[in-house]
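Undergrad: Based on what follows, work out the 3D shape:
(one chain, ligands or ions: 1)
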Amino acid sequence: MTWLITGGAGYIGAHVVRAMTEAGEPAVVYDDLSTGVAERVPDGVPLVVGSTLDGDRVARALTDHGITGVVHLAAKKQVGESVELPLHYYRENVEGLRVLLEAVTAAQVRSFVFSSSAAVYGMPDVDLVTEETPCLPMSPYGETKLAGEWLVRATGRATGLSTASLRYFNVAGAATPELADTGVFNLVPMVFEKLTDNAPPRVFGADYPTPDGTCVRDYIHVVDLAEAHVTAARALQTSPGHDLTLNIGRGEGVSVREMIDRINAITGYDRPPTVTPRRPGDPARVVASADRIATELGWKARYGVDDMIASAWAGWVRLHPQAARS
Ligand code: WQD
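TA: Residues are numbered from 1 along each chain as shown. Now for the predicted structure:
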């Protein structure tokens, strides 16, 4: 079994590559390097530079490397940008997937793991989001992930391709400082940036119907997330005919205020946050039920938010040494 990991030079993709190779699963990376970084691909793992929109190039990569399974992470992932550039997001995330699936089915690849998102749920009005909670995405980004799931499932049903769509909740942390996320688009790096600039971290709204008034999310360590991919990939490989849709979270809600408190404590800062108005479109609470993957695949997250923050901070300090506190 050899796995093609699309987007394997990205933040999450590189962690998936690391987990797959550590588990003894041979991997090949396919990445257009638009946001990915070649240095993230470990020695000994082939890197094919190309877009999933380039069907000929994908087809050649599949045959050249004798690929039998694909883990597809290559995508655009900024919610705000997707509102400005919906056509770009549909092209990259939906058309890119359709072209890839054409090549995958023609090459008789047997297994396909798709990187989906809790963004498919939109503003879920439930305590714990199960895979049966209705999907009502609130952004073009979330729509492309939901359409992607439909494409993947329909292809599996029509061709016998074994499929799994993994709905990631809020990903944070790093396996090593070198693999840390370099983007500043999510809560943890945005707070790091404020602390580094000697400015107060911002809480986007403290009047939500939650225990401390700030939004509650389910944060998942990227190392746990990567291991969930290995578990899903192996399940598809060992018992074909799967059509899985799985939440990847911890089932534990953490508020923005709690996260900022932990970040201050772990980084050695003592900067109380300032409350700013709500960010439009933010749901009050999004927390996974992680029961289905535990029951069906026996997978459970191992790390908590302190590990996520400490490992993300090690990566941040590597790039911003002036941020370190003794
Ligand atoms: C978390 C909470 C903010 C920064 C997004 C996508 C989702 C997925 C993950 C891709 C929110 C608050 C943030 C700050 C704050 N992406 N916040 N101050 O919005 O839950 O999820 O990323 O698949 O689809 O929507 O993540 O990290 O941006 O925000 O108060 O400086 O932190 O308002 O409540 P979000 P986030």
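
Undergrad: what's the average pLDDT for stretch 210-226?
TA: Stretch 210-226 comes out with an average pLDDT of 98.

Undergrad: and that stretch with the ligand, contact?
TA: Yes: Stretch 210-226 reaches the ligand (CB under 6 Å from any ligand atom) through 215, 217. C-beta: built from backbone N, CA, C; applies to glycine.

Undergrad: what about that stretch, how long is it end to end?
TA: One end of stretch 210-226 to the other measures 30 Å (CA to CA, to the nearest Å).

Undergrad: Ok, stretch 193-204 next?
TA: 15 Å.

Undergrad: I'd like the mean pLDDT over that stretch, please.
TA: On average, stretch 193-204 scores 98.

Undergrad: Of all the residues in that stretch, which ones are buried?
TA: 194-196, 200-204 (16 or more other CB atoms under 10 Å).

Undergrad: which residues touch it?
TA: 184, 190-191, 214-215, 256-257, 260, 263-264, 267, 269, 271-279, 282, 316, 320, 322-323 (CB atoms under 8 Å, 6 or more residues apart in numbering).

Undergrad: How about that stretch and the ligand, touching?
TA: Yes: with CB under 6 Å from any ligand atom as the criterion, the ligand is reached by stretch 193-204 at 202-204.

Undergrad: with those residues in mind, which one is nearest to residue 240?
TA: Checking these against residue 240 by CB to CB gives residue 204 as the nearest, at 44.6 Å.

Undergrad: Who's the closest spatial neighbour of that closest one, skipping the chain neighbours?
TA: In space, and not counting its chain neighbours, residue 204 is closest to residue 279: 4.1 Å by CB to CB, 6 or more residues apart in numbering.

Undergrad: again with residue 40
TA: residue 14 (3.9 Å).

Undergrad: Would you agree the one you found is in contact with residue 8?
TA: Yes: Residue 14 lies in contact with residue 8 (CB atoms under 8 Å); the separation is 6.4 Å.

Undergrad: Touching both of those two, which residues are there?
TA: With CB under 8 Å, 6+ apart, residue 14 and residue 8 have common neighbours 36, 40-41.

Undergrad: Adding secondary structure, pLDDT and neighbour count, write the residues you listed out as CSV.
TA: Shown next, in CSV, are the shared contacts of residue 14 and residue 8 (DSSP: H, G, I helix; E, B strand; the rest coil; pLDDT from 0 to 100; neighbours: other CB atoms under 10 Å):
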residue, secondary structure, pLDDT, neighbour count
36, coil, 97, 24
40, helix, 97, 22
41, coil, 98, 23
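
Undergrad: So which of the buried residues of stretch 193-204 belong to strands?
TA: If you go by DSSP state E, these have 202-204 in strands.

Undergrad: Tell me where the stretch 1-150 of the chain has strands.
TA: 3-6, 27-31, 47-49, 69-72, 111-117 (DSSP state E, counting those that start in this stretch).
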